[in-house]
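whatever this is, show me its structure:
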Amino acid sequence: MQEIQLYIQGEQVELFKDESVSITQSIQNVKDIAKVFTEFTKSFTVPASKKNNRIFKHYYNYDIVGGFDARQKVSSTIELNYLPFKNGFIKLEGVDLKNNSPYAYRLTFFGATVNLKDLLGEDKLDALGWLDNFVIDYSLVDIKAYFQSGADITVDSTTYTDAILVPLISHTKRLYYDSAITTAESGNLHYSSSETTQGVYWKDLKYSIRVHLIVLAIQEAYPEIQFSTDFFNTSNSAYYDLYMWMHRKKGDVQASATGVQTYTQIVDSFPTNSILTDAGGSILNGTTLVIPTYQSGGCWEINSTSYFITTTSTNSYNAIFKRNGAIIGELINVTGNQSFSLPEDSYGKTLNGNYTVTLESSVSITFNYVRINFLINDDCDIPPQTYNTSSTSSSVTINEVFQFYPTQQLPEMKIIDFLTGLFKTFNLTAYEQDGIIKVETLDSYYSSFDTYDISEFVDVNTSAVNVGLPYKEISFINKGTDSFFASVFNQLNNREYGQLDYKGEENLNWEGSIYKVELPFEHLLYERLYNGDTSTLTSVQWGWMADDNQESYIGAPLIHYVDRQSFTPSPTSTFISFRDTETTRSGLYNYYIPLNSNNTSGTGQSLNFFAEIDSYSLTVNTQTLFANYYVNYIKDVFNIKRRLTKLKAFLPLRILLNFQLSDRFDINGQRYKINSITTNLKTGESDIELLNEV
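Residues are numbered from 1 along each chain as shown. Reported below is the predicted structural model:
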């Protein structure tokens, strides 16, 4: 018989003498293989003693200001005979009353890693503010640059290599390759020396961010969450090479939540004017016209000041005029040449202040110049002089540039769903160890173990040996498979791309239900392009985020691998055509192609569960998620010799305090893995589910 000590936030709680506390432990339960488990107890009670009332701040009295907050779990420790047993969290479930007086507090103990879900709650990826250290311009210049070579970004003195890049995934336009077509064919990636409008338009592309940065951002945002580097490390290419496509909305990238995309440019090239300077005015930094305050009796005055805007473009634009930072006038949705007069006082003098003009447009526009016209009087001259003068800017171009903040562009996804997706992808397990959430693959977890012979502690009068197979099939699928090529694949093959329906090595029809392991991600089928003229393979592979109607598609969040295609500048057959504008293009021989495996040979880690034909190598890739992360555990589940044994045992303290769920129990010469164990901490009686090793 053990004594139990319970501590809440370091303070010992008084217990009922006869109260039993049972704790259930399971790391990976054969009955629910997609979930990561942790320790929890059935609810138990502690007395409403004077000391406990102080700890729980008389929770039964809701009039107390600043009372105990039962909406949150609080840190807790369980000891057995004053020896450390488990760290975790206590949740106050309620208070039992007798004769209208508090009698007992009802509590539940949870293992440490369960707090992960509590901390993250409903927060989404856009809550990860640290990612905005990786802000980047969305512009022709940057899209083109990071389509060819990833962006190395330094944050807090650490340089993150290829933190952001641009994969050849089109959000709208269908791409192809045909060297015989030299007419104006947007979407044709063949580089033609005679046709300037072929190729992928830069606006059809979006950035991807390294998945590892999202994991780091979670730890930055939630300091209580610190993952081990057993799996989440830069040497693990299956994980580290993953990117998430920053695709918040279908179609074009959107700079604001309103959907109104406006590019701005302040006019910043006005030269100085000597007459304006003589009159006490100035132009600061080429942007700001300064009109002084004139004293009574002064010689100079500036009258009839106006801006004149010239452009040959037929596109509409806005012009915003400000005085001392406040808007004093706007020309909205105008075209061609425009003018605007600055405000005057009752004597016809231009009001003093600092003036600027900003031009806005939803498309790129070039203005020939913007001119400021002045009528300046010098009353001290004899006779008084009047000067018509001006300051004329150089040409002004509104470029289609805005800042691309990752938090505003990442898919709508809960952080806990993102982590769960990674855990399911690689069959990871997690548990708390010395304040760190230790994350490793299930195979790695089970590979290191101690053994305990519990034969003498087993109650031989109560045991059962049950069927070890709780379902007839396990279906491994992705949430998103409705993109164009994936939909076509589904229709032709009567299954989803990458899906595996596992029924054991014999592939027979068993009894039971179907269990689904579903990843919360989009799963694109990429297309390696043939030259439509010669029917030969090109080096180009692309992705298309369109539905089976060939329309823009939002889908589920997309994770992917990439490969940087790099060629010498010759021959031109290695070029792809990249459209800089509607009427101009460049030939690129470096570019990122998206992949479902982390190399182009068809031998890298695949994001498929089923051994599909690799879309780039066109050979079967057997390095599937199932083969590398699930097969050992799942094959054992379906083994004809597998049994689920249930028994009772009275485990001594030396075992209860030391065993890990990865350890093995030996009984009469037979070795078992622990499926789950529920222990009465006071008596040591344990209800154990064991899986025999086969």
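
any idea how far the helix or strand that contains I593 is from the middle of the chain?
With elements taken from DSSP states H and E, the one containing I593 is strand 590-595. In terms of C-alpha atoms, centre = their mean, to the nearest Å, the centre of strand 590-595 is set 20 Å apart from its chain centre.

check stretch 90-100 too.
41 Å.

what's the weakest-modelled helix or strand in this protein?
Ranked by mean pLDDT, DSSP states H and E, the helix or strand of the chain with the weakest confidence is strand 40-41, at a mean of 71.

now for the next helix or strand after that one, which elements pack on it?
Stepping forward along the backbone from strand 40-41, the first helix or strand reached (DSSP H and E) is strand 44-47. In this structure, strand 44-47 packs against strand 101-111, with contacts taken as 3 or more C-beta pairs under 8 Å, 6 or more residues apart in numbering; DSSP states H and E. For every residue, glycine as well, the C-beta is placed using N, CA and C.

export the strand it packs on as CSV, just CAs?
Coordinates of each C-alpha in strand 101-111 appear next as CSV, following Å, rounded to 0.1, in the frame of the first residue of the first chain:
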residue,chain,number,x,y,z
SER,A,101,-21.3,23.4,3.1
PRO,A,102,-18.3,22.4,1.0
TYR,A,103,-17.4,18.8,1.4
ALA,A,104,-15.0,17.8,-1.4
TYR,A,105,-13.2,19.1,-4.5
ARG,A,106,-13.4,17.0,-7.7
LEU,A,107,-10.1,16.9,-9.6
THR,A,108,-8.7,15.3,-12.7
PHE,A,109,-5.0,14.8,-13.4
PHE,A,110,-3.6,15.1,-16.9
GLY,A,111,-0.1,14.3,-18.2
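
quick one: contacts of that strand?
For strand 101-111, contacts defined as C-beta atoms under 8 Å, 6 or more residues apart in numbering pick out 6, 16, 21, 23, 25, 38-48, 52-53, 56, 58-60, 73, 76, 78, 86, 88-97, 431-432.

filter those residues down to the buried ones, PyMOL style.
In PyMOL syntax, the buried subset of the contacts of strand 101-111 is picked out as below (16 or more other C-beta atoms under 10 Å):
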select buried, resi 6+21+23+25+38+39+40+41+44+45+46+47+48+52+53+56+58+59+60+73+76+78+86+88+89+90+91+92+95+431+432
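
what ranges do the helices span in the stretch 1-150 of the chain?
50-55, 115-120, 140-148 (DSSP state H, counting those that start in this stretch).

for the helix or strand hosting Y672, packing partners?
Y672 is part of strand 670-680 when elements are defined by DSSP H and E. Under the contact definition 3+ C-beta pairs under 8 Å, 6+ apart, strand 670-680 sits against strand 22-25, strand 664-667, strand 685-692.

so which bits of that strand are buried?
By neighbour count on 16+ other C-beta under 10 Å, the buried set for strand 670-680 is Y672, K673, I674, N675, S676, I677, T678, T679, N680.

residues in contact with the third one?
So the one you mean is I674. Applying C-beta under 8 Å, 6+ apart, the residues near I674 are Q25, S26, I27, F659, L661, D663, R664, F665, I688, E689, L690, L691.

mind doing that once more with 7 Å?
By C-beta atoms under 7 Å, 6 or more residues apart in numbering, the residues touching I674 are L661, D663, F665, L690.

same deal with the fifth one?
Residues in contact with S676, defined by C-beta under 7 Å, 6+ apart, are T24, Q25, S26, N29, E689.

which residue packs closest to it, ignoring adjacent ones?
Spatial nearest neighbour of S676, chain neighbours left out: S26 (3.9 Å); criterion: C-beta to C-beta, 6 or more residues apart in numbering.

as a whole number, average confidence for the biggest strand by length in the chain?
Counting residues, the longest strand in the chain under DSSP state E turns out to be strand 83-98. Mean pLDDT, strand 83-98: 90.

that one - contacts with which helices or strands?
strand 74-80, strand 101-111 (3 or more C-beta pairs under 7 Å, 6 or more residues apart in numbering; DSSP states H and E).

list the neighbouring strands of that strand plus their orientation.
Looking at strand 83-98 with DSSP bridges, its partner strands are strand 74-80 (antiparallel), strand 101-111 (antiparallel).

the last one: which residues count as buried?
This means strand 101-111. In strand 101-111, counting by 16+ other C-beta under 10 Å, buried: P102, A104, Y105, L107, F109, F110, G111.

for the closest residue to the first one other than its chain neighbours, grab phi and psi.
Pointing back at P102 there. Of all residues not flanking P102 in the chain, A48 sits nearest, at 3.7 Å (C-beta to C-beta, 6+ apart). Dihedral angles of A48 (phi, psi; degrees, to the nearest 10) stand at phi -80, psi 60.

check contacts around the nearest residue to K349 once chain neighbours are set aside.
Of all residues not flanking K349 in the chain, E301 sits nearest, at 5.2 Å (C-beta to C-beta, 6+ apart). E301 is in contact with Y294, K349, N377, counting by C-beta under 7 Å, 6+ apart.

now do the closest residue to Q499 other than its chain neighbours, the pLDDT please.
Closest residue in space to Q499, ignoring its immediate chain neighbours: I477 at 4.9 Å, by C-beta to C-beta, 6+ apart. I477 carries a pLDDT value of 94.

the host helix or strand of I477 pairs with which strands, parallel or anti?
Assigned by DSSP H and E, I477 falls within strand 471-480. Strand pairing for strand 471-480, using DSSP bridges, gives strand 500-502 (antiparallel), strand 513-522 (parallel).

related to what we said a few turns ago, for the residue nearest to P102, what are its contacts?
Contacts of A48 by C-beta under 7 Å, 6+ apart are V95, P102, Y103, A104, Y105.

report the beta-bridge partners for the last one.
This means Y105. Beta-bridge partners, per DSSP bridges, of Y105: V46, V95.

for V401, see how far away it is.
Y105 sits 60 Å away from V401 when distances are taken as C-beta to C-beta, to the nearest Å.

how many residues are close by the residue lying closest to G336 once chain neighbours are set aside?
Of all residues not flanking G336 in the chain, T311 sits nearest, at 6.7 Å (C-beta to C-beta, 6+ apart). T311 has 20 neighbours, counted by other C-beta atoms under 10 Å.
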